[in-house]
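J.: Need coordinates for the below:
(2 chains)
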Amino acid sequence: MPVIWIAGIYFGSLCVLLLSAFWDTNPFTAEVVHELTLDNFRTIFERNVYRDVAWRTIRMAALVTVADAVLAFPIAYYMARVASPRTRNILVVAVLMPLWANYLVKAYAWRTMLSDGGVINWALAPLGLHFDGYSTVGLWLVFTYLWLPFMILPIYAGLERIPNSLLEASADLGGRSLRTFTRVVLPLAFPAVVAGSIFTFSLTLGDYIAPGLITSEQFIGTVIYSIRGEALPVAAAYSLVPIVVMVVYLLVARRLRAFESL
Amino acid sequence: MSKRYRATRLAALGLLVASLSVVAAGCGGGDDEGSASTEIEGLGSSLEEIQEMARDEGQVNVVQWAGYAQLTDEFKTETGCTVNTKDGGSSDDMIELLQTGEYDGVSASGNASVRLMTTGDVAPIDAEFIPNYADVQEGIKNQEYNSLDGEPYGVPHGRGPNYLMFRTDEVPEDTDSWSVIWDESEPYNGKLSIYDDSIFIADAAVYLKATQPDLGIEDPYELDEEQFNAAVDLLKQQAPNVGEYWPGDVAKQIGSYTNGDSVVGTTWPYQYVQLTAADPPVPVKAIKPKEGTTGWSDTWMIYSQAANPNCMYLWMNHMISPEAQAAVAEGFGEAPVNLKACELTKNANHCDEYHADDEAWWDDVYYWTTPTADCGDDRGEVCKTQEDWEAAWTEIRG
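T.: Numbering: from 1, shown residues only, chains lettered A, B, ... in the order given. Here you go, the predicted structure:
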């Protein structure tokens, strides 16, 4: 049954999306005209703005993923291998808690904090500093915050699965803790990091609400959102960009055995 | 590959093909629109019948600009119709919402109404069933944005300008020109608040019309290649200085002016009314600059396949009643189209302050309309279309 659901509803809608990328529009009423054309793809490839926006979005997704991985690893490591069971439970709840709050509330909260008169600039003011919050850097902070739990949890699960015997074996063979970490823990946990990165990368790639709230720069999601009314076929064609990027990403992730640690 | 796996794959493929053909069939049927008719299915044939049938419908769902619907409680008591509103952020938004088929009507600006009339998504009205229509200012009836082939579509709602709004603690009080967001925006860079829609290209054209007469811009919606490129270049120069593009999200703009992230930009009267009425009031001033401005003259229109046509007819009549018009005029900050409202406004001078009856004041307010290839003069079919405007806007935003 689930196969039928996925095939019919999910892939069905995707195919309709794909199909509408080949349709034309009436230049006056902006109504979709059912005539096959490749113009929409030409628009996307020929106009620099679409390429710039795509690169900006992919770059942002990559930077957010790196930041999340760097932040999440020590937290997950502490949770999985250092903390007492009691502390571990508290930490798991603490990591999950932000996921219970609505995404919009969090995004708006960041918008307030990043404002010129917001708490971040209030804290920086005594140091004589000013941070332009409504910028690409501000957005990077917001995304990093929003998707951090999605990175912590897979890494935590991956680290927890590493048997203690392996670490002991490494120590018995004379490996110091740093060496054990780089030669045993890191390689074993790497697929889990890749698994987490699937979430952080794809969520950033497709988001259109946080970019609209925090910056005036366009991202793939905001462009699709703003042109969908007047140029639905172009929007459909453009939406294939993140789809293709994600397919490639998932293929690479599979090679790196990420799916086995999910 | 196991047998079972292959069978599932086949089933999935079959479903996919099936779902696609359903979609294709559904799409094929929708192309025979365009014939105008006042006959809406389920509409009563007399005012009494409409009132009676409205009680059975019990509701009306409308797409509106934020703050438009007024006196909805009174309307419900009077007619039995509950009003459900959905705010649209831009004309494109509103068209898209109406075309979902979920709504009975829309408060359309000129850049939506002309398209909606052409596609047949909205129906002409029978003024006989809308008694208050007789009180609407004659000068606003039967304009190109609210009628087609001499037939009125919907009822006028009100009109207003897009203002230049600035915080008086940051920008000199005697500012009277759009130049503060264009050539002389230097002191406010990073704090400009700009409407996020392709129609804003017309605002650049209004400024160029006044400052670069060589371009020969007459109508800011009828721009040929050279004029259009000049406007787009001006907007591209402005883009790095913009603090925030607000996509019709009034709360976002009100917030930014309140906390000082935005100090000057373009706005609707609604935000100005809200900011000055806030506690404590935000020190802002809104003006129609000396170059003139863009604006809108809006129309309540009925969806041609409205589920609640009787309530919608009563709603259109309600919105041009003197009481509702007075509430709209003061609530949103615009000029009423039914001048009987002028005696009912809380501020007795409202109609004078908003120039309701002062046609000369409106001469340099250019109402939103859909740009078409036809320039409307001897230049011929060389003007930039809505599609071009849209594509350019995406590039301006970068």
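
J.: Provide the backbone phi and psi angles at residue 219.
T.: Picking chain A for this. In terms of degrees, to the nearest 10, the main-chain angles of residue A:219 are phi -130, psi 170.

J.: my bad, the chain I had in mind was chain B
T.: Backbone torsions of residue B:219, given as degrees, to the nearest 10, read phi -110, psi 120.

J.: Would you mind listing what in the stretch 51-200 of chain A touches chain B?
T.: Near chain B, the residues belonging to the stretch 51-200 of chain A are A:52, A:53, A:115, A:116, A:117, A:118, A:132, A:134 when assessed by C-beta under 8 Å from any C-beta of the partner chain. Yep, even glycine has a C-beta here, placed from its N, CA and C like the rest.

J.: so who does the second one touch?
T.: Applying C-beta atoms under 8 Å, 6 or more residues apart in numbering or on different chains, we find residue A:53 in contact with A:218, A:219, A:220, A:223, B:398.

J.: Pull out the buried members of these.
T.: A:218, A:219, A:220, A:223 (16 or more other C-beta atoms under 10 Å in any protein chain shown).

J.: For the closest residue to chain B within the stretch 101-250 of chain A, grab phi and psi.
T.: Here the residue of the stretch 101-250 of chain A nearest chain B is residue A:229; by C-beta to the nearest C-beta that distance is 3.5 Å. The main-chain torsion angles of residue A:229 are listed as degrees, to the nearest 10 and equal phi -70, psi -40.

J.: Tell me the pLDDT of it.
T.: Note on residue A:229: pLDDT of 77.

J.: That one: neighbour count?
T.: For residue A:229, the tally of surrounding residues (other C-beta atoms under 10 Å in any protein chain shown) stands at 19.

J.: residue contacts, it?
T.: Under the criterion of C-beta under 8 Å, 6+ apart, the contact list for residue A:229 reads A:30, B:90, B:92, B:93, B:95, B:96.

J.: Just to be sure, which of the buried ones among the contacts of residue A:53 are found in strands?
T.: Among the buried ones among the contacts of residue A:53, no member falls in strands (DSSP state E).

J.: Mind putting these into CSV with distance to residue B:54 and pLDDT?
T.: Below are the buried ones among the contacts of residue A:53 laid out as CSV (distance: C-beta to C-beta, whole Å; pLDDT from 0 to 100):
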residue, distance to residue B:54, pLDDT
A:218, 45, 92
A:219, 46, 95
A:220, 46, 95
A:223, 43, 93
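
J.: which pair in the residues you listed spans the largest distance?
T.: The largest distance within those, taken as C-beta to C-beta, falls between A:218 and A:220 and amounts to 8.3 Å.

J.: List of residues touching stretch B:302-313?
T.: Taking contacts as C-beta under 8 Å, 6+ apart, the residues outside stretch B:302-313 that touch it are B:40-44, B:50-51, B:53-54, B:57-62, B:79, B:81, B:98, B:101, B:103-106, B:120-123, B:125, B:129-130, B:154, B:316.

J.: Only whichever of those are buried, select them in PyMOL.
T.: In PyMOL syntax, the buried subset of the contacts of stretch B:302-313 is picked out as below (16+ other C-beta under 10 Å):
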select buried, chain B and resi 40+43+44+50+51+53+54+57+60+61+62+79+81+98+103+104+105+106+120+121+122+123+125+129+130+154+316
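
J.: which element follows the host helix or strand of residue A:140 toward the C-terminus?
T.: The secondary structure element spanning residue A:140 is helix A:136-160 (assigned by DSSP states H and E). Scanning forward in sequence from helix A:136-160 by DSSP H and E, the next helix or strand is helix A:164-172.

J.: and the stretch 151-300 of chain B, which residues reach chain A?
T.: Near chain A, the residues belonging to the stretch 151-300 of chain B are B:190, B:196, B:198, B:242, B:243, B:244, B:245, B:247, B:252, B:259, B:260, B:261 when assessed by C-beta under 8 Å from any C-beta.

J.: Can I get those residues in JSON lines including pLDDT, secondary structure and neighbour count?
T.: Rendered in JSON lines, the data for these read as follows (pLDDT from 0 to 100; DSSP: H, G, I helix; E, B strand; the rest coil; neighbours: other C-beta atoms under 10 Å in any protein chain shown):
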{"residue": "B:190", "pLDDT": "89", "secondary structure": "coil", "neighbour count": "18"}
{"residue": "B:196", "pLDDT": "91", "secondary structure": "coil", "neighbour count": "22"}
{"residue": "B:198", "pLDDT": "92", "secondary structure": "helix", "neighbour count": "26"}
{"residue": "B:242", "pLDDT": "92", "secondary structure": "strand", "neighbour count": "22"}
{"residue": "B:243", "pLDDT": "89", "secondary structure": "strand", "neighbour count": "21"}
{"residue": "B:244", "pLDDT": "89", "secondary structure": "strand", "neighbour count": "24"}
{"residue": "B:245", "pLDDT": "91", "secondary structure": "strand", "neighbour count": "26"}
{"residue": "B:247", "pLDDT": "82", "secondary structure": "coil", "neighbour count": "17"}
{"residue": "B:252", "pLDDT": "88", "secondary structure": "helix", "neighbour count": "21"}
{"residue": "B:259", "pLDDT": "88", "secondary structure": "helix", "neighbour count": "14"}
{"residue": "B:260", "pLDDT": "90", "secondary structure": "coil", "neighbour count": "15"}
{"residue": "B:261", "pLDDT": "89", "secondary structure": "coil", "neighbour count": "22"}
